[in-house]
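J.: I'll drop the sequence and a predicted model, then ask my questions.
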Amino acid sequence: MQKALGIILWTIMAACVVSVITLPVNLQTQLIVSVTVVIIMGGLKLLKSDGRWRLVALAFGVSIVLRYAYWRTTETLPPINQPENFIPGMLLYLAEMYNILMLFLSLFIVAMPLASRPSRAGQQKTFPAVDVFIPSYNEDAMLLANTIAAAKAMDYPADRLRVWLLDDGGTLQKRNSADVRESETAVARHALLSDLCRQLGANYLTRERNEHAKAGNLNNGLAHSQGQLIAVFDADHAPARDFLLETVGYFEEDPKLFLVQTPHFFLNPDPLERNLRTFERMPSENEMFYGIIQRGLDKWNASFFCGSAAVLSRRALETTNGFSGMSITEDCETALELHSTGWNSIYVDKPLIAGLQPATFASFIGQRSRWAQGMMQILRFRMPFLKSGLSIPQRFCYMSSTLFWLFPFPRTIFLIAPLFYIFFDLEIFTASGGEFLAYTLAYMLVNLMMQNYLYGSFRWPWISELYEFVQTVHLLPAVVSVMVNPRKPTFKVTAKDESVSVNRLSEISRPFFVIFAVQIVAVIMTIFKIYTEPYKADVTLVVGGWNIINLILAGCALGVVSERGEKSSSRRIRVRRRCEFGVEGSWYPASIEDVSVGGAGLQVFGKQLSSIRPGAEAVLRFRPHDEQQELALLPIVIRGAQSSGDTVQVGCQYRPRDALDHRWIADLLFANSAQWAEFQTSRRRNPGLVRGTLWFLGLSLYQTSRGLIYLFRGMGKGT
């Protein structure tokens, strides 16, 4: 009876909402309502209202969005007997409806995400056997040494922990290749990594053939290991000491748990952050996903495997014959299969690994193309919304995760739609300037405000639009290709540990300059139309304003593809750790101020060190986090020194003499997860919609000029 009453109540409420949304009102009333809702939402935000008041503000926003969708559907579509207007008009309408659908899916997932789970590092009572898998293909041995050393150093009983390097670069197939270069490279790699694993106490494992890419490599690891749990780290993802203590305990509490996923934290900026200089002061792109969306998915038992930084149950994997390999995103596909058979997942919102992400724009696009194509394969082959065994919320969650990667289609339409009117005088959106103001502008403002409510300090205004814009140009053909031939895409390893040594334009930057030039011409054409057709000035101004927004995004994109040269591939993380600095037979008290993948910054007490010269060899002596180990002695080489009173600021580069020295590099950089959380927290502040928009406008103006300077310099060198 209670359930029936609930259904009746929800039906009555839905009917009331529909009647209000479809209520015919004049333009003035709609404008007043829109302004009132914007003021209410802004007021609630200024009052920092949370909990139920947050939901109230979002509900007000939903009312404007639904009102806009109804008006857009019933009053703005061009007549069907005008195909030149109707076809592009319908494409624009579908693009907008896609955005509204994704907004509602986002609201369902993250309107009230789960709170972050408290630390459980000191609560571990039993220690199940854990196999650590580090899949590798073509990564450098030194990069792998750091990851293996960090995995071996995790705080866990040594007899319950086995680390495996799963090397797909030294397979028998590659070592016996008819291509002599490939064969000799694979033979040398096989020998080098076998010796590296032996020195570090890890297990080296390869296979006969490179089949089914990463999924096949992981399944080969499953076949040769026996641990109850499987921890997976990418080759460039090194874990903190407390990784297992923060994750494995959840498997004791839930026998149907198949996954504990943790966030991916990156030591280096992605190309957008590096070229725009935002890494230290603005949250990274992945923080919105790992800081908000994964917590929202976790609420509905739909947090999925992200390929690394996770622990999985062997018993669960055996029920689905290991890791799924039908798509090139084996991680999400594996989670989908296990969720559909009744297994559960958990998300731990604490950075417990540190890795590297693509440094060049071309590698960044290559990585995102693989993600997009893999998600389209899952959408095509697995059909999450119709997948048996999933709950209704899980269906919505997986549909949101897969449908998101269709964004290149609406983003392309939003880019070219104003050009239809400006250049060809097509009327693909039947409305007056006043209606644009009352409906469309209100919808855009409310949409931005709702994003600010949902993601706040995790994503600044207009940054999502910029990320989508810079990816769209190259992702659109990738997504189209997988739709035409869903079995065509193959797994491609993302380049690791890259760096850009000189200022240059990306090799795939040309389309962005073409788009920018077309939009500049469109601005000139808009001014001309206002002058020659004043009777249509209201609509022309609205469409011209739309094109200006696209121009601002396109200008900022010029800065993204204008790659800045940098000496190092990763940023320094502050640590403040006591040590001793040894040089020329003498030892001096010192502190390690910051560390990176390649080196460290020191503060050394000793006036007489002012004469130290770059290139001199020295040693760092410090106590590892595992106090049972001997004092660490890490060889370094001096890169620079500057006196300041009684102290000398020293910049140094690691100079490991053998594989065991990577234990100390891993201890400096990866052992303490708290330093990564502190760094993330330092960037998480919400500038607000107004200040954030003004900041983005200034950023775009500067990056536009920088991109054009790079272009003209390149043209000058070409001549």
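T.: That came through, no problem.
J.: Now do Thr210 against Leu27, distance only.
T.: In this structure residue 210 is Asn, not Thr. Distance of Asn210 to Leu27, computed by CB to CB, to the nearest Å: 64 Å. Glycine gets a C-beta too; all of them are placed from N, C-alpha and C.
J.: These two: which is more packed in?
T.: Neighbour totals were compared for Asn210 and Leu27, and Asn210 leads with 17 against 13 (other CB atoms under 10 Å).
J.: and that one, what is it in contact with?
T.: Going by CB atoms under 8 Å, 6 or more residues apart in numbering, Asn210 touches 168, 171, 173-174, 216.
J.: doesn't it fall inside a helix?
T.: No: with DSSP: H, G, I helix; E, B strand; the rest coil as the criterion, Asn210 is coil rather than part of a helix.
J.: So what does it have for phi and psi?
T.: For Asn210, the backbone dihedrals (degrees, to the nearest 10) come out as phi -90, psi 80.
J.: Make 19 the first number, not 1, from now on.
T.: Taking 19 as the first residue, the last one we looked at is Asn228.
J.: Now tell me which helix or strand of the protein has the poorest mean pLDDT.
T.: Least confident helix or strand, the chain: helix 20-39 with a mean of 62, by mean pLDDT, DSSP states H and E.
J.: What is the subsequent helix or strand relative to that one?
T.: For helix 20-39, the following helix or strand on the C-terminal side (DSSP states H and E) is helix 45-64.
J.: residues in contact with that following helix?
T.: Here helix 45-64 makes contact (CB under 8 Å, 6+ apart) with 43, 71-72, 74-75, 78-79, 81-82, 85, 452-453, 455-457, 460, 463-464, 467, 470-471, 706.
J.: run the last query once more with 6 Å
T.: The contact list for helix 45-64 (CB atoms under 6 Å, 6 or more residues apart in numbering) reads 71, 75, 78, 82, 452, 456, 460, 463, 467.
J.: The fifth one: what secondary structure?
T.: Translated: Gly452. Assigned with three-state DSSP, Gly452 falls in the helix class.
J.: Measure how buried it is and give me the count.
T.: Using other CB under 10 Å, Gly452 has 14 other residues around it.
J.: just the third one next, same as before
T.: Neighbours of Phe78 under the rule other CB under 10 Å: 18.
J.: same deal with the second one?
T.: Each residue near Ala75 was counted by other CB under 10 Å, and the total is 23.
J.: Model confidence for the residue nearest to it when sequence neighbours are not counted, exactly?
T.: Among residues not flanking Ala75 along the chain, Leu62 sits closest, at 4.4 Å (CB to CB, 6 or more residues apart in numbering). Reported pLDDT at Leu62 in the predicted model: 85.
J.: again, but for the one 3 residues further on
T.: In the predicted model, Leu65 carries a pLDDT score of 80.
J.: what's the answer for Ser628, then?
T.: 65.
J.: Likewise for Gly706?
T.: Gly706 carries a pLDDT score of 87 in this model.
J.: Identify the residue spatially nearest to it, adjacent ones excluded.
T.: Asn470 (7.4 Å).
J.: After the strand or helix carrying that neighbour, which helix or strand is next? Please name it.
T.: For Asn470, the host element (DSSP H and E) is helix 460-473. Remark: after helix 460-473, the chain's next helix or strand is helix 481-502, criterion DSSP H and E.
J.: Distance from the chain centre to that next one, please.
T.: Remark: helix 481-502 is offset 15 Å from the chain centroid, using CA atoms, centre = their mean, to the nearest Å.
J.: next SSE after that helix?
T.: Sequence order places strand 522-523 as the next helix or strand after helix 481-502, per DSSP H and E.
J.: what packs against that next one?
T.: Applying 3 or more CB pairs under 6 Å, 6 or more residues apart in numbering; DSSP states H and E, one finds that strand 522-523 makes contact with no other helix or strand.
J.: Now the next helix or strand after that strand: buried residues?
T.: Once the chain leaves strand 522-523, the next helix or strand it forms, by DSSP H and E, is helix 528-550. Under the neighbour-count criterion of 16 or more other CB atoms under 10 Å, helix 528-550 has 530-531, 533-534, 536-537, 540, 543-544, 547 buried.
J.: now, the most widely separated pair of the residues you listed?
T.: Using CB to CB, these reach their maximum pairwise distance at Phe530 and Lys547, which is 25.6 Å.
J.: ok so, going back, with respect to Gly407, which of the contacts of helix 45-64 is nearest?
T.: Of all the contacts of helix 45-64, the one with the least separation from Gly407 (CB to CB) is Ala75, at 35.8 Å.
J.: which non-adjacent residue is nearest Phe640?
T.: Cys597 (3.8 Å).
J.: Ramachandran angles for the one you found?
T.: The phi/psi pair for Cys597 (degrees, to the nearest 10) is phi -160, psi -180.
J.: Please apply the same query to His255.
T.: According to degrees, to the nearest 10, His255 has phi -110, psi 100.
J.: Cross the contacts of Asn228 against helices and list the overlap.
T.: In helices, judged by DSSP state H, the following of the contacts of Asn228 are found: 191-192, 234.
J.: Distance to Ala167, pLDDT and neighbour count for the contacts of Asn228 - can I get that in JSON lines?
T.: As requested, those are exported to JSON lines (distance: CB to CB, whole Å; pLDDT from 0 to 100; neighbours: other CB atoms under 10 Å):
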{"residue": "Asp186", "distance to Ala167": "21", "pLDDT": "94", "neighbour count": "22"}
{"residue": "Thr189", "distance to Ala167": "24", "pLDDT": "93", "neighbour count": "22"}
{"residue": "Gln191", "distance to Ala167": "29", "pLDDT": "93", "neighbour count": "17"}
{"residue": "Lys192", "distance to Ala167": "26", "pLDDT": "93", "neighbour count": "21"}
{"residue": "Gly234", "distance to Ala167": "26", "pLDDT": "94", "neighbour count": "21"}
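J.: Could I get those residues in a markdown table, plus columns for distance to Ser519?
T.: Listed next are the contacts of Asn228 as a markdown table, based on distance: CB to CB, whole Å:
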| residue | distance to Ser519 |
| --- | --- |
| Asp186 | 29 |
| Thr189 | 32 |
| Gln191 | 34 |
| Lys192 | 30 |
| Gly234 | 35 |
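J.: In contact with Arg400, which residues?
T.: For Arg400, the contact set (CB under 6 Å, 6+ apart) comprises Leu354.
J.: Just name whatever secondary elements the helix or strand hosting Leu354 is in contact with.
T.: Following DSSP H and E, one finds Leu354 within helix 348-358. Using 3+ CB pairs under 6 Å, 6+ apart, no helix or strand is in contact with helix 348-358.
J.: How is Gly140 assigned, secondary-structure-wise?
T.: Taking three-state DSSP as the rule, one finds Gly140 in the coil state.
J.: Now find how far off-centre the longest helix along the chain is within its chain.
T.: The longest helix of the chain (DSSP H) is helix 707-736. Taking CA atoms, centre = their mean, the mean C-alpha location of helix 707-736 is offset from the chain mean by 23 Å.
J.: What of stretch 605-616?
T.: With CA atoms, centre = their mean as the basis, the mean position of stretch 605-616 lies at 30 Å from the chain mean.
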